[in-house]
Every structure is written in structure tokens, then in C-alpha cells.
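S.K.: What shape does this take:
(one chain, ligands or ions: 2)
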Amino acid sequence: MPCMLHDPSAKYKPYTPLKLDNRQWPSKTFGQKPPIWLSTDLRDGNQALANPMTIEQKTMFFELLIECGFKEIEIAYPAASDTDFNFVRGLIERNAIPDDVWIQVLTPAREDLIKRTVDSVAGCKHAIIHMYNAVSPLFRSVVFKNSKEETLALAVEHTQILRQLTDECTAKYGTQFRYEYSPETFSQTEPEFAVKVCEAVKKAWGRAGPAHLDKIIFNLPATVETAPPNHFADLVEYFHTNITEREKVIISLHPHNDRGTGVAAAELGLLAGANRIEGCLFGNGERTGNVDIVNLALNWYTQGVSPGLDFSDLQHVIDVVTQCNDLPVHPRHPYAGELVFTAFSGSHQDAIKKGFEDQALRNAEERKKGESETWDMPYLPIDPADLGQTYEAVIRVNSQSGKGGIAYIIKQHLRLDMPRKMQIAFYQAVQTVADREAREMTVDDITNIFRETYHFGGAGYEGRLSLRSFRITSVPATDTDGTSEDVRQFDGTVSVDGVLRVIRGDGNGPLSALLNALRQHLDIDLALREYSEHSIDTGVDGENSRAASYIELVPTNDRRSSKSWWGVGVDRDIAGSGLRAVLSAANSHIGDRQLPELKLNFGPGGRASQTDVATMVLNALGLELPRRLQSAFFEVVQRAARSSADELPVDALPELFRKEYGYDAVSESGPVCMKSFTLEHLADKRVRLTGDFIFAGSERKLSGLGNGPLSSALACLHEAVQGSLAVREYSEHALGAGSEVGAVSYVELIYEVTIDGLIRKATAWGVSSDEDIAASGLKAVMASASRIGVVWRD
Ligand SMILES: CC(=O)SCCNC(=O)CCNC(=O)[C@H](O)C(C)(C)COP(=O)(O)OP(=O)(O)OC[C@H]1O[C@@H](n2cnc3c(N)ncnc32)[C@H](O)[C@@H]1OP(=O)(O)O
Ligand SMILES: CC(C)C(=O)C(=O)O
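M.R.: Ligands and ions are numbered 1, 2, ... in the order given. Next up, the predicted model:
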């Protein structure tokens, strides 16, 4: 069985280092000018494919190279196949080569092939003919069986042939030619011999001049990369310093990547004096490939130097190249791989998240000072956005990931900036799933886990408890020491396991009032340990801004508990977001534990409370009673229960309510009724109500003025009633949904009348609903006035 040798020295010989006196390249630095780029994708890349490109694919690739900004493109080995020849002809005949682009074609040093190659470009505006012959000892002895002299003579002879053919072509078609000569296998050739061959070629060409377009291009290939890049740099520096008339020469490099150091060899070679690089996009090419031009160009870019190539839409480049080459780009490929802007590991994610946050602040400062925004980011040498990548791809999550990356994803996708301790808690939730499923967590996975964990993000994620409506009121309270401080009262409707319940509680603030309500009504005994909030701006000038709140709850009697529950809430209203966050955390706390049910028992030890009664009215009639009306109706219910052995069937409540407050009663059933009305809004902002009333059975048409519909209705009533009526409390809410929506109004009137010298005072509630909100308010006034015991004028 073949295996690696214990001592490979017997089989493999190391490269022979070059004795280079006064070596310069190690202390050189890159300038501000990138090299000349030559793409050889359509030649060296193409010849290395199992299925060479079709003309359509070559055309598509050519167009891409033009889009990217290449000005020199080796498009074919025209003598090799009709496809290549016809491709070249096609571009020329379709006039598809931009004027500032030089096409290059390759030919071996063989007369018949040179001829066909020159024929292929006839009529083109300008072309570089690239000729090669291998010059290294191995090739001289094994492949060509040529001496050094014969090798040199081959190059010279064929250069002369080329010179003659190109001169003829120029004379006939006006095509302008440049010449590139490659001493193939340069990096394995004796350096002085490579220089000698090139000197002879330069002389044979006889046209090299210092003007850019007259320069002869000597392309130094590492046809096979067999030594470290510093050795290649030595060879290049040797060539650079020993070739004569250096000003008439462009030194081009053509590294392959057999040792995986093609990019390094190219970069060190540039330091050593080269001017031009030949390579392929994403390093396609023979065996391990040609040097990757995308990699090299973006290396220049990250040094703050424009490479003169545009990879702003790198994904498009990848798509075209992979489609033409039928080879994938490795996921870890520099700059281009699908994983290179991705951090899976926790400490990387954490650093990147902090980096983005810090950079946002730094960039804002820089903008303020009119400076350009700088990039300085842990683990990311280039801004993915510059290559058309989005930041979303930056962090991905698996079981190696940490809280930072996960928090970053939540921030990017849900705009929620979790406090640090919550990040840790959520990280554990994601870890559990990632470990269990042993796979990468997608952005959707993570945001879904967040929604499920915190019952956040709409009906699909609602927990057992969810806030429907609430009111926070401030009530003055006097302490035992006589000091007085306002107490906050929470009065809200919460859906509990799908059934609406009214809950109430008091506290120092809205959150503690809700916690108190949860304790009293649902046996959920939790206290607040941590709270934070931030705004989420979604519109211009913050017009759509919402508040996000984060809450940590612990058992009330164990504030230092190691077990806690986090919750998140978002609402336009800051109190609302906090209350939602409390319920979010409470949902996690209760799990599937059973919650106390509503009871309607009023006897000693009975549990039914005012809010239980309000809940039943809410569920039966959809009415969210104001707190004082809850209290009033509770007394009514207790009275009714007392007369039936302290028990009242739940079904009896709606009827009791209707009767008590005239709710849904036929409009002309009370002593005070209004059959019809019109409202006029006057220029002085006052309102005139004109109505057909029925007072104690007799009809009257009356008109009254007021600041609004209710006060103008009272003005009408005062025409018929002794004493004075005033509104003590009014509230309303929508009833129903969609096109069926109407309004329900609650009115409490206060009535004062003097009879026989005695002042009599009374209050009464009236409740009414109507499709029209003004009508519902007026009907509630009539319902209240019907029950208050008015004394009619004579
Ligand atoms: C490092 C590089 O990438 S170099 C570019 C390599 N690219 C390619 O080869 C792709 C295109 N090549 C081809 O399609 C073919 O090789 C062709 C059309 C150019 C030539 O095909 P063929 O004439 O069948 O020759 P083939 O490629 O099989 O073998 C090369 C022959 O040419 C000979 N040869 C190579 N260079 C020369 C030369 N400059 N002068 C004379 N003979 C030469 C070789 O010694 C060999 O001869 P042999 O058959 O007597 O041993
Ligand atoms: C023709 C030459 C430049 C070549 O492709 C090589 O040496 O790799």
C-alpha cells in the first residue's frame, strides 16, 4: 500500500536558494498604484476545465470581465480549437471589444500555430500576441530534448516569425500589436538563462520602446509552484535587475498555486519589481489553479488602494464564473466564499457585534467632523457591504456560538437590543435547540426561538396571558406616617387561556401595579429584578417610534433567586411596552401550570370579586366597564346575590346589567327618551342639539347649546327638569370589529335638586351602544337620566 515516506529527502529535492546580493524586495512597500491585471480565465482557466467553455459561456465571461474593469484579457488559444478561433473572430467581427481593452491570444513557438493565431486577430484594433516555450532543464531534456542553445534559438526564431506575421497583418488590416513572451517554467529555470533567452527575444522582436504600448512584456510564470514565495521574489528581482533596457520592459507574473502560495508569490513578486499580474477569477486554472485575481485585487483594496477592478457585486461575479467554469467557489475562499463573512464562534461573534456598535459611534463622529468613515472591525478585514454582501450573513449560529452573535441577529432582524443578562438567558435557549438538532441555526430559527420564548410578535406567538387593554390611573394615598404619595392603579383586560379577564392592582408604578394584579387574580407571585428600555425608530423624525422594554422577574420572596424569567414588550406607549414585557416573562414563569378560575360565589369565604364580575360582563357583553362602574355594578350584584343565598348564576349577570343601566333597552322605554336628534357645529365651536324627546310619556321638541353633544343634551333636559344635571364621568370604547364596529358609551350623571328647601343629590350610570358614537353617548345620557329620579318642571 503506498504511503508517505519516512524520509522523503531521498525522493524529493529542495529548491536551490538564489544567492542574491543586495536583495531589495523585503524592505519594499506597496505603492499607491495597483499592477496591470490580465485575466487569463478564457485561456489558462478554460484549458483546465474538463468541459471547456462554449462560445456562449466565453462571451458571457468576457462581458463580465469588461464589467469588472479588465483592460487586458487573454481570450483564447486560437490555434487549439475551432471554438477558440471562432470565439476570437466573433468578438472582432461583432465589434464587441471596447476600444480601451486589449485582447491577448496565446500561441506556442510553432510556426503553423503562430500563423493561425495571428490570423485569428486580423482586423482587430489591437492585440497582444503571447508566445511561450518552456526553458527549464527538465523541459529541455525531457519534453523537447533540446540544449540551452536550441531552446534559445527556438524562442528567437519564432519571435522573428511572429514579428514578420504581425507586421504583415498590421500592414493589411491596421491591427496594432504588442508582444508578450513567456519563458515557460521560468521559476524552475536557471535565472541567468531566463534573462539570456529574454534578452535574445527582445532583440529579435526589435520593436521594444519605453512608451507603454511599445514595451515588450516578459511574463515570468511559476508554471508549477515548487518553492516558497520568497524564492520566487528573488527570481523576479534577479530578472528585474539584470534584464537590460528595463524601461522598455513590462515584467508580468503568472503564478500557479501548487504550494498554495500563489497569492503570496504574486505579492512578493510585485515588491521585487514586477508590473503586471496574470491570473484567473477565484483561482481557476491548471491543477491547483492560477493566482486568484479577485483575492489579489481585494488585498490591494483593503490596503486603501483602489485596485482598478470593481467587485461591488461579487455575488454576480461568482454566479457568472461558476456558471461558465462549472466549478464551485469554496465556502472558505478569501473574500468570495459564502462563509468568509460569517462567524460561528462565540468570541468572534461577540467581538464583531461590539465592533459594529463601536464603529457606528465612531463613524457618526467622523461624519460630524466631515471626515471619511473608517473601517476597523474585529475579524473582518473588509466591509462586506463593499462587495454587495449584507451584514446579515456576518453572524451565523451553531453550537459553538455565543450570546454576542445571537444578540446581534436579534438586533438586526427584530431591532431589539437585549440587555446583557437577557442575552445570556436567550443564548441558553438557542444553545439548547442548536445542541439538540446538531445543525446550524438560521436567522429564521433564531428569531422564531425568540418569539416562542418571549411570546413576542403577534397572534401566532401569543402566550397564555396577553394584554388586551389597560388603564393606569394615579390615586393619592396617605402613608401611615402622614406623608402622601400617589399610587398607580392598573386596570386592564387580559386574555387568560383565551378568556378575557379584568384584573386590577395597585403599586408604585404601572409594572408593580400589574404584578400586584397578577398576584391577586391569578396567583402569579413575581417581583421585578431588572428593567431596561430603548426606543425603536421606524419613521422620519421618530413619527413611528415605539418603545421596547426588557424585564426580569423573580419570585417575590426570593429576590436573589438564581431562577428568573425574562420578558420583552414593544408598544407605542412606554407603559404599554413595560406591561407587555411583564406578561411575556409571566408567561414563561407559569408554563402550563393551572391558573385560578373565575368563581361567582359571594358568601363568606367566597372568592368572587369586583373584577371577577367585570370580567363576566366583558366576556358576556364585550363591555370594558370603567372602574367606578365596576364598583357600582359589583354592589348591585352583591345585593342580588344576598337575596338568593349568596349565589348567583353566571348567566344572570348580563340581564342584571341590562336592567340596571338600561343597556340595549328599547329607546323609548325610559322616562327620559330621545326619538331623534340633529347636531349643528356652530362657528363659535359650540354645538346645538335639536331633538324630539319623550319626557314621562309626553313628546317635546327642544333645542340646546353646549360645548359638545353631551352638554347640549343636558341643556335640553334642563328645559324640562328642575335642578341641575352634570356629567360626572364619561368614557367610551369601540364595540365589535370590522364593518360591524360601533361604540359603547358610559355616562355617570350627577343630579342636584332642591325640594321643599331640602337639597337632594343623586348619581346614576347609563350605558348605551350605537353604530354612531355621538348617538351612543346621547343615549347613555338618556339612560342615566331615566334612572336618576328627575323632578319635572310644572
Ligand atoms: C503552461 C501552459 O499552460 S502552456 C499552454 C497549454 N495549453 C494547451 O496546451 C492547450 C491547447 N493545446 C492544444 O490544443 C494542443 O496542444 C495543440 C493544438 C496546441 C498542439 O497539439 P498537437 O500538435 O497535437 O501536440 P500535443 O499538444 O499533443 O503535443 C505537443 C507536441 O508539440 C511539441 N511541441 C511543443 N512545443 C513545440 C514547439 N514550440 N515547436 C515544435 N514542437 C513543439 C511537443 O514536443 C509535442 O511533440 P511530440 O508530439 O512530437 O512529442
Ligand atoms: C503559457 C504560460 C504562461 C503558462 O500558462 C504557464 O506557464 O503556466
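
S.K.: quick one: buried residues of stretch 17-25?
M.R.: By 16 or more other C-beta atoms under 10 Å, the buried positions in stretch 17-25 come out as 18, 20, 25. Where you see a C-beta, it was placed from the backbone N, CA and C, and this is true even at glycine.

S.K.: Reduced to three states, what does the second one come out as?
M.R.: Under the three-state scheme (DSSP: H, G, I helix; E, B strand; the rest coil), the conformation of residue 20 reads as coil.

S.K.: any idea which element the nearest residue to it once chain neighbours are set aside lies in?
M.R.: Leaving aside its sequence neighbours, residue 20 sits nearest to residue 234 (C-beta to C-beta, 6 or more residues apart in numbering; 4.9 Å). Element membership for residue 234, per DSSP states H and E: helix 229-242.

S.K.: Now look at the next helix or strand after that helix and say if it contacts ligand 2.
M.R.: Later in the chain than helix 229-242, the nearest helix or strand by DSSP H and E is strand 249-255. Yes - remark: strand 249-255 sits within contact range of ligand 2 at residue 254, by C-beta under 6 Å from any ligand atom.

S.K.: Residues in contact with the helix or strand following strand 249-255: which ones?
M.R.: Next along the chain after strand 249-255, taking DSSP H and E as the criterion, comes helix 262-271. By C-beta atoms under 8 Å, 6 or more residues apart in numbering, the surrounding residues in contact with helix 262-271 are 25-26, 28-30, 35, 220, 222, 225, 229-230, 232-233, 236, 253, 255-257, 277, 279, 283, 288-292, 295-296, 299, 334.

S.K.: Adjacent strands (with direction) for whichever helix or strand comes after helix 262-271?
M.R.: As assigned by DSSP H and E, the chain's next helix or strand after helix 262-271 is strand 276-279. Here strand 276-279 has these sheet partners by DSSP bridges: strand 36-39 (parallel), strand 249-255 (parallel).

S.K.: can strand 276-279 be found next to ligand 2?
M.R.: No - Strand 276-279 stays clear of ligand 2 (C-beta under 6 Å from any ligand atom), getting no nearer than 7.0 Å.

S.K.: now for the helix or strand just after that strand, which elements pack on it?
M.R.: Counting by DSSP H and E, the element after strand 276-279 in chain order, helix or strand, is helix 293-301. Judged by 3 or more C-beta pairs under 8 Å, 6 or more residues apart in numbering; DSSP states H and E, the packing partners of helix 293-301 are strand 36-39, helix 262-271, strand 276-279.

S.K.: Run the chain-centre distance for the last one.
M.R.: Going by C-alpha atoms, centre = their mean, to the nearest Å, the spacing between the C-alpha centre of strand 276-279 and its chain's C-alpha centre is 37 Å.

S.K.: thinking again about what came up before, select only the buried ones of the contacts of helix 262-271 in PyMOL?
M.R.: The buried residues among the contacts of helix 262-271 can be selected in PyMOL (16+ other C-beta under 10 Å) with this line:
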select buried, resi 25+35+220+222+225+229+230+232+233+236+253+255+256+257+277+279+283+289+290+291+292+295+296+299+334
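
S.K.: Single out the most deeply packed of the helices and strands packed on helix 293-301.
M.R.: Greatest average neighbour count among those goes to strand 276-279 (a mean of 28), per mean count of other C-beta atoms under 10 Å.

S.K.: near ligand 1 at all, it?
M.R.: No - using C-beta under 6 Å from any ligand atom, strand 276-279 stays clear of ligand 1, with a minimum separation of 10.9 Å.

S.K.: what does that strand contact?
M.R.: With C-beta under 8 Å, 6+ apart as the contact definition, strand 276-279 has outside contacts at 35-40, 44, 72, 74, 217, 219, 221, 250-255, 262, 266, 270, 285, 290-293, 296.

S.K.: Now do the contacts for residue 587.
M.R.: Residue 587 makes contacts with 455, 463-465, 567, as judged by C-beta under 8 Å, 6+ apart.

S.K.: 6 Å instead?
M.R.: Counting by C-beta atoms under 6 Å, 6 or more residues apart in numbering, residue 587 touches 455, 463-465.

S.K.: Can I take it that it is in a helix?
M.R.: Yes - checked against three-state DSSP, residue 587 lies within a helix.

S.K.: Would you confirm that residue 363 contacts residue 374?
M.R.: No - look at residue 363 against residue 374 with C-beta atoms under 6 Å: they stay out of range, at 7.5 Å.

S.K.: Those two: which has the busier surroundings?
M.R.: Higher neighbour count among residue 363 and residue 374: residue 363, with 15 against 11, using other C-beta atoms under 10 Å.

S.K.: where does residue 663 land in three-state SS?
M.R.: At residue 663 the chain is in coil, as set by three-state DSSP.

S.K.: For the stretch 451-600 of the chain, which segments count as helices?
M.R.: With DSSP state H, counting those that start in this stretch as the criterion, the stretch 451-600 of the chain has helices at 510-522, 574-590.

S.K.: contacts for the first one?
M.R.: It stands for helix 510-522. 472, 488-490, 503-507, 524-526, 528, 575, 578-579, 582, 595.

S.K.: residue contacts, the residue in the stretch 601-750 of the chain positioned nearest to ligand 2?
M.R.: In the stretch 601-750 of the chain, the residue that lies nearest ligand 2 is residue 738 (73.0 Å; C-beta to the nearest ligand atom). If you count contacts by C-beta under 6 Å, 6+ apart, residue 738 has none.

S.K.: Give me the number of neighbouring residues for the residue in the stretch 351-500 of the chain positioned nearest to ligand 2.
M.R.: Among all residues of the stretch 351-500 of the chain, residue 387 sits closest to ligand 2, at 28.4 Å; criterion: C-beta to the nearest ligand atom. Counted by other C-beta under 10 Å, the residues lying close to residue 387 total 20.

S.K.: got a pLDDT number for it?
M.R.: The predicted structure scores residue 387 at 96 on the pLDDT scale.

S.K.: how close does the nearest residue to it once chain neighbours are set aside get to ligand 1?
M.R.: The shortest distance from residue 387 to any residue other than its chain neighbours is 4.1 Å, reached at residue 314 (C-beta to C-beta, 6+ apart). According to C-beta to the nearest ligand atom, to the nearest Å, residue 314 and ligand 1 sit 27 Å apart.

S.K.: and residue 314, what is it in contact with?
M.R.: 336, 387-388.

S.K.: Apply 8 Å and report the result again.
M.R.: Here residue 314 is in contact with 294, 335-336, 387-389 (criterion: C-beta under 8 Å, 6+ apart).
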